[in-house]
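Engineer: My questions are about this predicted structure, shown below with the sequence.
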Amino acid sequence: QVQLVESGGGLVQAGGSLRLSCAASGSIGSIDAMGWFRQAPGKQRELVARIARDDKTNYSDSVKGRFTISRDNAKNTVYLQMNSLKPEDTAVYFCNGYIGLVNYNYWGQGTQVTVSS
């Protein structure tokens, strides 16, 4: 079992920054990739950024150059630094842990990010 707890969401003006954190606990050694997804009202959940076990990262086109995913292995925490935020970034952001061996996803409870224009 893996537990994921997000923090750091909030309300920010367009052009501002926020940093999300995701603290992982439990069987974290089984995780092959950690990521951030988001879901806006009426839309499907979408991948924002992901970091693999080998530190390879990938980003959605909509956030490239603005968002950065990173992790601190000593703290079992993954971060999402979000800069130059836009109103269209408004969504609930979910932390994700992917276990490749069983093709299974763990999810956090989500944290709201609201960007005002």
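Structural biologist: Okay, I see it. Just so we're clear, the structure is a prediction, and the values are computed from it rather than from any experiment.

Engineer: For Thr68, give me phi and psi.
Structural biologist: With angles defined as degrees, to the nearest 10, Thr68 sits at phi -140, psi 130.

Engineer: Report the beta-bridge partners for the closest residue in space to Ala40 that isn't next to it in sequence.
Structural biologist: Spatial nearest neighbour of Ala40, excluding adjacent residues (C-beta to C-beta, 6 or more residues apart in numbering): Ala91 at 4.2 Å. (Each C-beta comes from the backbone N, C-alpha and C, glycine too.) Here Ala91 sits in beta bridges with Val113, going by DSSP bridges.

Engineer: dump the residue contacts of Ala91.
Structural biologist: By C-beta atoms under 8 Å, 6 or more residues apart in numbering, the contact list for Ala91 reads 38-40, 43, 112-113.

Engineer: Please check those residues and keep the buried ones.
Structural biologist: Neighbour counting by 16 or more other C-beta atoms under 10 Å classes 38, 113 among those as buried.

Engineer: Closest one of the contacts of Ala91 to Gly15?
Structural biologist: Lowest distance from Gly15 to the contacts of Ala91 (C-beta to C-beta) belongs to Val113, with 14.1 Å.
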